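In: next input, structure requested:
(chains A, B, C and D)
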Number of protein chains: 4
Amino acid sequence: VRAHVHRLPACSPDDVSALDVAFARGQIDAKSIVAILGKTEGNGCVNDFTRSFAVSALKASIAAQLGCAAIDLDRRIAFVMSGGTEGGLSPHWLVFEAREEQSEHVGEARLAIGVAFTPRLRPEHIGRREQITATALAVRDAMSQAQIASVDDVHYVQVKCPLLTRLRISEAEARGQSVATQDTYASMGVSRGAAALGVALSLGECDEERLSQGDAVCREPTIFSTRASCSAGVELMDSQIMVLGNSRAWSGNLVIGHGVMEDALDVDGVWKALALAGIADGGQLDAQCRSRIAAVLAKAEASTSGQIRGRRHIMLDDSDIPASRHARALVGGVLAGVFGDTQLFVSGGAEHQGPDGGGPIAVIAHCDPTPKGRAAAP
Amino acid sequence: VRAHVHRLPACSPDDVSALDVAFARGQIDAKSIVAILGKTEGNGCVNDFTRSFAVSALKASIAAQLGCAAIDLDRRIAFVMSGGTEGGLSPHWLVFEAREEQSEHVGEARLAIGVAFTPRLRPEHIGRREQITATALAVRDAMSQAQIASVDDVHYVQVKCPLLTRLRISEAEARGQSVATQDTYASMGVSRGAAALGVALSLGECDEERLSQGDAVCREPTIFSTRASCSAGVELMDSQIMVLGNSRAWSGNLVIGHGVMEDALDVDGVWKALALAGIADGGQLDAQCRSRIAAVLAKAEASTSGQIRGRRHIMLDDSDIPASRHARALVGGVLAGVFGDTQLFVSGGAEHQGPDGGGPIAVIAHCDPTPKGRAAAP
Amino acid sequence: VRAHVHRLPACSPDDVSALDVAFARGQIDAKSIVAILGKTEGNGCVNDFTRSFAVSALKASIAAQLGCAAIDLDRRIAFVMSGGTEGGLSPHWLVFEAREEQSEHVGEARLAIGVAFTPRLRPEHIGRREQITATALAVRDAMSQAQIASVDDVHYVQVKCPLLTRLRISEAEARGQSVATQDTYASMGVSRGAAALGVALSLGECDEERLSQGDAVCREPTIFSTRASCSAGVELMDSQIMVLGNSRAWSGNLVIGHGVMEDALDVDGVWKALALAGIADGGQLDAQCRSRIAAVLAKAEASTSGQIRGRRHIMLDDSDIPASRHARALVGGVLAGVFGDTQLFVSGGAEHQGPDGGGPIAVIAHCDPTPKGRAAAP
Amino acid sequence: VRAHVHRLPACSPDDVSALDVAFARGQIDAKSIVAILGKTEGNGCVNDFTRSFAVSALKASIAAQLGCAAIDLDRRIAFVMSGGTEGGLSPHWLVFEAREEQSEHVGEARLAIGVAFTPRLRPEHIGRREQITATALAVRDAMSQAQIASVDDVHYVQVKCPLLTRLRISEAEARGQSVATQDTYASMGVSRGAAALGVALSLGECDEERLSQGDAVCREPTIFSTRASCSAGVELMDSQIMVLGNSRAWSGNLVIGHGVMEDALDVDGVWKALALAGIADGGQLDAQCRSRIAAVLAKAEASTSGQIRGRRHIMLDDSDIPASRHARALVGGVLAGVFGDTQLFVSGGAEHQGPDGGGPIAVIAHCDPTPKGRAAAP
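Out: Purely as a prediction, here's the structure:
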C-alpha cells in the first residue's frame, strides 16, 4: 500500500476542475481516496457556507467517477473543510489516496494514512469525557488501520467533530440531560478541545488521571496534544479521524514530520517539522526544497494573553474581523515567509492543540529531490 | 546633531502614556521631535478615525510639554499615522528626534533626518504632474535639511499627501477645473502614486522624459521608487515629507538600510535591508540582533495579478475585508517571522512604491550590539 | 393559464426542504416552474457564494422531480438569487409557476408571467448600447409570452445579466475590442445599468433619441425605469428576463401593482404599489392584509449625495460594511415597518432603477381576503 | 427652569462645528448643559474609538467656552455616546440644557431633566445586586433633581455604566473577589442588564422580592424596564444617570412620551410614544409633525429566538457583521419609515430594556406646531 497526496488549486469553493482533470488523466484513482482536506475562502466562522458547498461539489465529482450516489461516500471518505484564506492563503484541496500498489518496497518508514469514525455522539457528550474517550479509541483504530505501531510515529491527527445546535440542545434537554454550553458558537470550541484531549490521551501526551480531576476542556491550557488538528462542523454527529504518520508497512516516497509552534512567530517549530521530513534548516526554502513539499498543515489561534512576545495584539478586541481570521492571516504570513508558498492548510481554533497562542505544524514531503513524473512547484 | 528613534507601545489610539513617561524621565526632548509615525488599530480605510484621534492626543501631549497650542505644531512636526494592525501587528509610535547634541562625532555615516513641506496643492493638481513636481522639490529640500549629499544615501522617504473630498472637487469644478478622479477613495491611490513618482524622480529612479509621455500615475506600474512610503490623509492640502538616510554630518549610533520586497514573500529583500543596517543574514533574528532594531518600515499591497508566485490569493475578491487589510496581515506575518517581533510599521497601498505586489522595506538599527543606557527589547 | 407564487422559508443557502415538501404534497408542480427568485444570506457582493450554492441545490431538487439532469434546466427556468439579508431580512424562495389549469376564467386582469432570454452577449457589449437593445427586445418577447398587450400592464421586470471577469476582458482585447470598464466589480454596475435602460426603452420610459446621445449608462441618473430590477451574475453571458404584469389572458386570484420609492424612506411609493394590488392605505398592515401578500419585490441603494432628506448617511464612507448592505438593511427596515413582515425580496444596486437613492417596489397580492386552501401568514 | 434640546449634525466623530456655531450665536449656553448624547459612526462594539474621540472633542469645545480644563467637566455633564449608524442612521448630537430662565410658567407638565451619579463601583459589583441597588438609588436622586414626583412621569432613563477589563478583573481577584464574568465583552451585557434592573426597581417595574431570588441579570428576560436605555463604557467606574420626564416645575414647550416596541417591527409602540408627546396617529409623519420632533431615543437588539414574527433572521449567525449592528439597522429603518427622518438615537444591546427582541422608544416633541425662533426641519 502506498500513500499519495495531491495538492490542487481551487478558483472558488465549488471549483473541482483540477480534481476532474486529475481523474481524466489517471493521476488520481477515485476508489483509493480516503480523505480530502480543503482550504476554502469563506470566513471560517458560523455563517461560512463555502465549506458545505465545497463538500457538495467534491462528492458530486467523486460519485460521478464511482457511479454511486453522493450519500454513499459518507462513512467512506473523510471530508474536512477549513474555511478562511486571510492574508495570502491560497484556496486548495489536499487529496489523500491509499493505493494498493505493487511499488517496490523501500524498507524505510513512509507516509501512512488511517481513517476511523467514532460512534454517533449524543449532544450531552459533546465537550465532555465521553467525547474524549470516544475520540481516543478512534485514534487507536485509525493508527491500527494505518499499521502504525508506535505513537511516536504519529505526526498529525485530523479530527472533524460535531457541534451543538439549538435543536440538538432542545432534544437533549427534553430527555432531562444538560449540555456543556448553551452557546452554539462556543460549542465549536469545547468540541475541538475535547477532541484534542482525546488525541492527547491516545498518544500518551496526558494521562487519564489528570483528565479525571474535574473538567479540563477549555480550562487547562497546559494540557494539549502536539499533533491534533480539530475542526467542528454542523453536518455530523460522529467524529471523523484521520491519522498521518510514518510506517514501514507503506511504500512510496512521502514522509511526514511535525513540530510545535510555541507562539505565532515560532519559526524554530516549523524548522523542526521540516527536519523530520528530511529538509534541512536554512532561510526561506529554495525552489528545489519547495518542489519537495507535498502539504503543510498548521493550526493558528490568538494568544489569550493579548500579547505576542510582549507586544500587544488587537485580535481579541476587534469586532469587525473575528480573532480566528487575524490568527490565520498572521501564521499564514509567518509560514509563507518560510515556505515561499501560500498554498498552506492553516486552520483556526487551536484549543488544546499546542500551547496557548501556538499550535502544531506538520509537513509532508517527498524524500527524493527530483522525483520522476512530478512537476516542479511554480 | 544626532538622531534618536523611540519605539513606544500604544494601548489605544489615544494612549500617549508611554510618551508622557518618556518626557517625565527626560528620555525624549519635546523640542527636538521632528516627526512621529504611528501604527493605529483602525481599519486603515476611509472611515478610520483612529488616525486623527491619535494625532489629536499626540499634539495635546507635546503642546503641554512645550507650553504652546496644539495648532502651533502644524508645520513643525510631521505626524504620519498608518491605520490597520491586522494579523499580529502591534500598535505603536515611532518618535523621531533630531537633537543638537555635543556627542562625539563618529566620522561614520549615521542616521540623518530631514523634514520638508510642499506648498498647498490645488485639488486639480492631486494625482497629476504638479503634485509629482512639488513632491520632488520637497524631497530635495528635506535631503538638504538632513545634510545628505547623495541620493544613494537616502533609504526611506515618508510622504503624507492630501486626497480629494466632495467639497474640494466642487471647489475646483466651480473654477472650471477638472480633477483626476471623481471617486474620493480612488483619489487616495492617485495621490499616493503621484507622491511616489515625485520621490522616484527626485532620487533618479525614473527620468523626466518617461513621466512626461502621458499620464503614468497608477497606469505604469513598472515605474516606481524603491524608497517611497506614501500615505494620503484628509487633514492636509500640502504634503509632509520626511527623508531618512545616512550622513557623516550626523553622529550617534543609528544607521538605516533598505531593500525591496519583490513580492509579499520576498524575505531576501528584507535581509538586504538588514545587511545594509549592519545585521548579518540568517534565520529569525536572535534576541541580541532583535535588541538592535530601532524601527521597521514597510509597505504592503495585493498583487493585481491575483496571484503570489503562481498561487491564487483572494484579497481582491473579498467584500468583507478590504484588500489592504489582507495585505498588511500577510506582509506583517512574513516580517514577524524574520524579526521575531510584531512591532512593525507595515502600511498599505503601495502604488509606485516598489513593484506590483511588493514594496519597500527599511530598517533602522543600532550600530553596536550592546549600547549603554538602552534596555533590551522584550 | 394561471400564475402561482409560493413564498418558502430557507434555513441555509442550500435548504430546499420547504420546496421538497411542497413537491411531495403536490402544492407545486415542478413542470410548471418558470422562475425562482431567492434571497440568500451571503454578503451580496463579489465573494458571495451563497447564490451559486442555492442555485445548485434548487436545480438538484427540481431535476430529481423531473428525472432530468440539472444542466437541462438552464434555458428553461430563470434562477435569480439576490444575496444579502442585512437587518432583519429573512432568507426565502419565491417560486413562480405558470400552470395550464382549467380554472374558471375571471374576466379580470390577473398576474401574468413571461420569461425570455437574450442571445449571448460579447464582453465588449456589456454596459453598452448592444446590451440595452438586446434587453429591450427580450423584454418585448417576455411580454408577448405573458400575453400582456400594453406596457402599462407591466409592473415588474427582473433581469439577470452578465458581468466582466478578467478572462472575458482578455478574450475581448485579444480580438482588438475594448470593454466598458477594466474593474470587474464596477462591471456589475454598468451591466445592471444597461439592462435597466433596456427595460426603460422597452416600456417607453425613455426614448431612443436620448439614449443615442452619448453614453448614458451610469452617467445619466435621471433616465431610469420604474419597474426594472436587475442583478448581475458571473454564471451567464446571456440575460434572463422575467416580466410580471396583469393580463386578462390569465386566471387565478393574484394581481401585481408597483410604485416607486423616491428615496429610502418613501413609504408613499410603497402604499401606491399596495393600492394597485388592491390593498388599502393605512398604517402597518393588519394580519388579514398581511395574509394576502404573496411577494414583495424592491430595490435599494445608497443615495450618491451622501444624504437622505438632508441628513448625512455614512453608507458610502464605511470600509467595513459595503454600502449595498447598509442600503438593504435600511429599506428592509422601512418596508418591514409597513408590511409587518421581514420576508421581503430587497435587492441592492439600483442603477437606472428608479431615482438616485430610491428604487422600484412591486407587490403581488391575492385578490380575495380569505382564499380557500391557503394558510394564513404567521 | 426650562429644558432645551438641540439636535445637531456631525460630519465625523470629532465634528463639533455645529456646537461651536450654536455657542457663537448664543443658541446654547455652555453653563446650562447637563448632558450630551451622541450617535457616532463607529461599529458600536469593543474597538469603537469614535465614542471616546467624540467625548474628547465635545469636552474641548465646552471647556473652551467655560474657560476650564476638560477634566473639570467630568462629574458635571453626562456624555453618553452610542456607536453605530448602520443602515441610514445619521450621526448627530443631542445637547440637553437646563436653563434657569424666567420664561412664562405654563402650568402644564413640561420636559424635566435630572442627572445623578452612583458612587464608584467595584469590579466584583458589576452585573450584580450592588450595581442594581446603586443604580436604583441614583435614579431616585436624578428624579428628585428633575423635580419629578411620580414614577409615572418618568419616560426615559439613560444610564452609562462601567464594564470589566482584564486589569479590573485582576485587581478584584487579587483581593480574593470573584467577578460576574471573565469575558470583557460579555461584561458589557451584564452591566447594562444590572443597570436596567436598577431602573426597573426604582420605577416600580419589578419588586425587590423577585430580584432577590437568585441572579436575574441576563437570565430572566421577562423582568425589564420599559424606560431604561443603558450603555456600557470603559472610561468610567461609577454610573451616570439621566432621567427625562414631564414635570409642572419646568416650563418651556417640550414634552416627552414613551412606548415599548414589543418586537423590532412594532410600529404601534412608536405611535404610542408619539401620542403621549402630543402627536396624533397616522402614516409617516408629515413635514409639520416632523418639525415638532426634538429627539427620538430607542433601543434595538436581535431577538434570541432567531425569529421575528415567525420569520428567521440571520443576525445571530453572522460572523461578519455583529448582531447589534444588524439590529440598529433594522430598527433604524422601521423608525425612519415612521418619522421620515434618519436622525434617530437608536442604541444597541437591550438587556432587560423592554421585552426580548424589542425595546423602549421615547420621543421628545415641541408642544406647539409653529414655534417662534425655531427653524423647520429639512
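In: partners of the nearest residue to A:Cys11 once chain neighbours are set aside in the sheet?
Out: Nearest non-adjacent residue to A:Cys11, counting by C-beta to C-beta, 6 or more residues apart in numbering or on different chains: B:Arg312, 6.6 Å away. Quick note: C-beta positions are derived from backbone N, CA and C, even for glycine. Listed by DSSP bridges, the beta-bridge partners for B:Arg312 are B:Gln307.
In: B:Arg312 reaches A:Leu8, doesn't it?
Out: No - B:Arg312 is beyond contact range of A:Leu8, at 11.8 Å (criterion: C-beta atoms under 8 Å).
In: circling back: quick one: contacts for the residue nearest to A:Cys11?
Out: Taking C-beta atoms under 8 Å, 6 or more residues apart in numbering or on different chains as the contact definition, B:Arg312 lies against A:9-11, A:90-91, B:306.
In: of all pairs in these, which one is the farthest apart?
Out: Maximum pairwise distance among these (C-beta to C-beta): 13.5 Å, between A:Ala10 and B:Gly306.
In: so for the two, which sits in the more crowded spot?
Out: When A:Ala10 and B:Gly306 are compared for neighbours, A:Ala10 comes out ahead with 24 against 16, by other C-beta atoms under 10 Å in any protein chain shown.
In: number of nearby residues for the nearest residue to the more buried one once chain neighbours are set aside?
Out: Residue nearest to A:Ala10 in three dimensions, not counting chain neighbours: A:Pro91, with 4.4 Å by C-beta to C-beta, 6+ apart. Using other C-beta under 10 Å, A:Pro91 is surrounded by 26 other residues.
In: residues in contact with A:Pro91?
Out: Going by C-beta under 8 Å, 6+ apart, A:Pro91 touches A:9-13, A:38-41, A:85, B:312, B:314.
In: would you pull up the residue in chain A closest to chain C?
Out: Scanning chain A for proximity to chain C using C-beta to the nearest C-beta identifies A:Phe53 as nearest, at 4.3 Å.
In: from chain D, how far out is that residue?
Out: Computed as C-beta to the nearest C-beta, to the nearest Å, the A:Phe53 to chain D distance reads 16 Å.
In: got a list of what that residue touches?
Out: Neighbours of A:Phe53 in contact, by C-beta under 8 Å, 6+ apart: A:13-14, A:40, C:13-14, C:49, C:52-53, C:56.
In: can you name the residue of the stretch 151-300 of chain A nearest to chain D?
Out: Closest point on the stretch 151-300 of chain A to chain D, by C-beta to the nearest C-beta, is A:Arg166, at 7.2 Å.
In: shouldn't that residue be in contact with D:Ser305?
Out: No - A:Arg166 is beyond contact range of D:Ser305, at 9.4 Å (criterion: C-beta under 8 Å).
In: on that earlier part again, just checking, next helix/strand downstream of the helix or strand the residue of chain A closest to chain C falls within?
Out: Under the criterion of DSSP states H and E, A:Phe53 resides in helix A:50-66. Using DSSP H and E, the helix or strand that follows helix A:50-66 towards the C-terminus is strand A:78-83.
In: now find how far off-centre that next one is within its chain.
Out: When C-alpha coordinates are averaged (C-alpha atoms, centre = their mean, to the nearest Å), strand A:78-83 and its chain have centres 8 Å apart.
In: check which helices and strands that strand sits against.
Out: Under the contact criterion of 3 or more C-beta pairs under 8 Å, 6 or more residues apart in numbering or on different chains; DSSP states H and E, strand A:78-83 touches strand A:33-40, helix A:50-66, strand A:154-162, strand A:228-233, strand A:240-247, strand A:345-348.
In: other SSEs contacting the next helix or strand after it?
Out: Downstream of strand A:78-83, the next assigned helix or strand under DSSP H and E is strand A:92-99. Using 3+ C-beta pairs under 8 Å, 6+ apart, the elements in contact with strand A:92-99 are strand A:2-9, helix A:17-24, strand A:33-40.
In: quick check: angle from whichever helix or strand comes after strand A:92-99 to strand A:78-83?
Out: Once strand A:92-99 ends, the next helix or strand along the chain (criterion: DSSP H and E) is strand A:110-117. Following axes from the mean of the first three to the mean of the last three C-alpha atoms, to 10 degrees, one obtains 90 degrees for the angle between strand A:110-117 and strand A:78-83.
In: mind checking which residue lies nearest the centre of chain A?
Out: Nearest residue to the geometric centre of chain A (C-alpha atoms, centre = their mean): A:Gln158, 4.0 Å.
In: what about that one, distance to chain B?
Out: Distance, A:Gln158 to chain B, using C-beta to the nearest C-beta: 22 Å.
In: then A:Ala98?
Out: As judged by C-beta to the nearest C-beta, A:Ala98 and chain B stand 27 Å apart.
In: is that residue bridged to anything, and to what?
Out: A:Ala3.
In: mind listing what it touches?
Out: By C-beta under 8 Å, 6+ apart, the contact list for A:Ala98 reads A:1-3, A:32, A:34, A:113.
In: ok, these vs chain D, which is closest?
Out: A:Val34 (31.0 Å).
In: distance check, that closest one against A:Thr135.
Out: A:Val34 sits at a distance of 19 Å from A:Thr135 (criterion: C-beta to C-beta, to the nearest Å).
In: tell me which of the two has more neighbours.
Out: The residue with more neighbours, out of A:Val34 and A:Thr135, is A:Thr135; 30 against 19, by other C-beta under 10 Å.
In: next, the angle strand A:240-247 makes with the helix or strand encompassing the more buried one.
Out: Here A:Thr135 sits within helix A:129-145, counting by DSSP H and E. Put simply, helix A:129-145 runs at 40 degrees to strand A:240-247, going by the same axes, to 10 degrees.
In: list the buried residues for helix A:129-145?
Out: For helix A:129-145, burial by neighbour count (16 or more other C-beta atoms under 10 Å in any protein chain shown) applies to A:129, A:131-143, A:145.
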